[in-house]
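Peer 1: pasting a predicted model and its sequence here:
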Amino acid sequence: MTTCADCNADFGIWRRLMQWVGGSSGYTCGVCSKSDLCALCAGYAAPVDGNVAKGFHKVCRACLSTLSSLNFDCTADVLTPANGGDGITTVVLVHGGGGCRAMYRPLARHLSQHGFRCVLLDLPGHGARVHESLTIESAIAAIVNDTREHTPAAHLKSGSGRRPIYLGGSLGGYIGAHVLGERRDLFEAGILVASTQGVGVRAGWKAWSALNVFAMLQTVLSPFTLSSQMLSVAANHPHLARELIEESCVKPGSYFHSGPEQVAVLQQEDSVGEVAKFPGPILFIQGDEDHHDQDLHLLNASKLALDPSKNFAVGRGVSSQLLTIHRADHFFSHDSRHLEQFHRAVLNFCCEVANVPKP
């Protein structure tokens, strides 16, 4: 074999030389032993018994879909309100880079218990969309399609005041600014989490340097190695809630095959310019120990864009807000010290936007 049995990529001169001297021309899945795979197609990170301590298997895509807790037959999960019906409104939750739609499942459970319908979806290059190419355009298309497919018609009506609320974290937050700016007709409000550092067209030298170092690592470390390293960081973090990490980050698998594409998306982001197009309120949530040099620029741009003639929530007095969680880093959404505050802040903002009493 001179090409990968899964993706048909050419193995290149080194693997052909290995075959010539009697070795294997490709790599082998660590679970099903499927051979003649390229390094990427044999290097997906699937959970070992869903346990943080046991880490990941290095597997092919077919074994990933079997071992992952995700249903690979769909690209979104819907949590309906605990009291039944369509719910107060729909909240669309979008994960960060390397994750998948399971990332915000704990938050979605909390919101659904208080009457909100929640749609958790996979970005291209992640989860059940792991085979798809990630760009800002493909991400927006996937988010819009899944939002329309899984949101009740009553929540999509223009002028209803019940249009969906977008929530995105990290990569999902940066992409979310573009979603809100480009598809302001679809969403009533937004919540952007851990995404207030300028990393794209307005990046400072620190962010520019860090992103280029990450891009360089993509050429040195395999996606499986990056997944294992990130899992190690999570496992050794003194405050991350272990059961939430296992549910949202380990059991579903890890997705860094789109790492170079994630970097490209971040380098192109212009969150300040995009939120300046959105007439509805946005809640920005950040940790004070995370990088957040763009926070006030985002808040001011969003407040200047608020338009009561185009947005019911703004007409009722709901404004854009900035919440800084103290002693919190980039992972505060799964930090046992900050979980209650994070969930409460999101729920309260959703209630404000939907014009229902806060619990």
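Peer 2: It's in. Residues are numbered from 1 along each chain as shown.
Peer 1: so what's the residue nearest the centre of the chain up against?
Peer 2: To find the centre residue of the chain, average its C-alpha atoms and take the closest one (CA atoms, centre = their mean): that gives residue 95, at 1.8 Å. Shown in contact with residue 95 (CB atoms under 8 Å, 6 or more residues apart in numbering): 101-104, 120, 122-123, 126, 168-172. In short, each C-beta sits where N, CA and C put it, glycine included.
Peer 1: export the residues you listed as CSV, with columns for secondary structure and distance to residue 344.
Peer 2: Formatted as CSV, the entries for the contacts of residue 95 read as follows, by DSSP: H, G, I helix; E, B strand; the rest coil; distance: CB to CB, whole Å:
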residue, secondary structure, distance to residue 344
101, coil, 23
102, coil, 22
103, coil, 19
104, coil, 15
120, strand, 20
122, coil, 27
123, coil, 26
126, coil, 28
168, strand, 19
169, strand, 17
170, coil, 20
171, helix, 24
172, helix, 21
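Peer 1: can you pick the most crowded of those?
Peer 2: Among those, the one with the most neighbours (other CB atoms under 10 Å) is residue 126, at 34 neighbours.
Peer 1: so what's that residue up against?
Peer 2: If a contact means CB under 8 Å, 6+ apart, then residue 126 has 95, 97, 98, 99, 100, 101, 134, 255, 258 as its contacts.
Peer 1: make it 10 Å
Peer 2: Contact criterion CB atoms under 10 Å, 6 or more residues apart in numbering gives 70, 75, 94-101, 103, 132, 134, 139, 142, 171-172, 252-258, 262 as the residues in contact with residue 126.
Peer 1: and if you look at residue 270?
Peer 2: 136, 174, 177, 178, 181, 198, 200, 201, 202, 276.
Peer 1: just the buried residues of the residues you listed.
Peer 2: Taking 16 or more other CB atoms under 10 Å as the criterion, what is buried in the contacts of residue 270 is 136, 174, 177, 178, 181, 198, 200, 202, 276.
Peer 1: give me the pLDDT for the first one.
Peer 2: By that I understand residue 136. According to the predicted model, the pLDDT of residue 136 comes to 98.
Peer 1: from residue 130, how far off is it?
Peer 2: Distance, residue 136 to residue 130, by CB to CB, to the nearest Å: 18 Å.
Peer 1: related to what we said a few turns ago, how close does the residue nearest to the centre of the chain get to residue 317?
Peer 2: Residue 95 sits 31 Å away from residue 317, going by CB to CB.
Peer 1: can you map out the helices along this protein?
Peer 2: 12-20, 61-67, 105-113, 136-150, 153-156, 171-182, 205-220, 223-236, 242-245, 259-268, 271-275, 295-305, 312-315, 339-354 (DSSP state H).
Peer 1: next, the buried residues of the third one.
Peer 2: Think helix 105-113. Using 16+ other CB under 10 Å as the burial criterion, the residues of helix 105-113 that qualify are 105, 106, 107, 108, 110, 111, 112.
Peer 1: show me the shaky parts of the protein.
Peer 2: Within the chain, the stretches with pLDDT under 70 are 1, 11-25.
Peer 1: could you redo the last one with a cut-off of 80?
Peer 2: Regions of the chain meeting the criterion pLDDT under 80 cover residues 1-2, 10-26, 39, 50-53, 158-160, 219.
Peer 1: turn the helices of the chain into a markdown table, columns for distance to residue 27.
Peer 2: Formatted as a markdown table, the entries for the helices of the chain read as follows, by distance: least, CB to CB, whole Å:
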| stretch | distance to residue 27 |
| --- | --- |
| helix 12-20 | 9 |
| helix 61-67 | 13 |
| helix 105-113 | 32 |
| helix 136-150 | 27 |
| helix 153-156 | 46 |
| helix 171-182 | 28 |
| helix 205-220 | 18 |
| helix 223-236 | 11 |
| helix 242-245 | 28 |
| helix 259-268 | 18 |
| helix 271-275 | 38 |
| helix 295-305 | 43 |
| helix 312-315 | 52 |
| helix 339-354 | 39 |
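Peer 1: wait, which of the ones you listed is closest to residue 34?
Peer 2: Residue 34 lies closest, by CB to CB, to one member of these: helix 61-67, at 7.4 Å.
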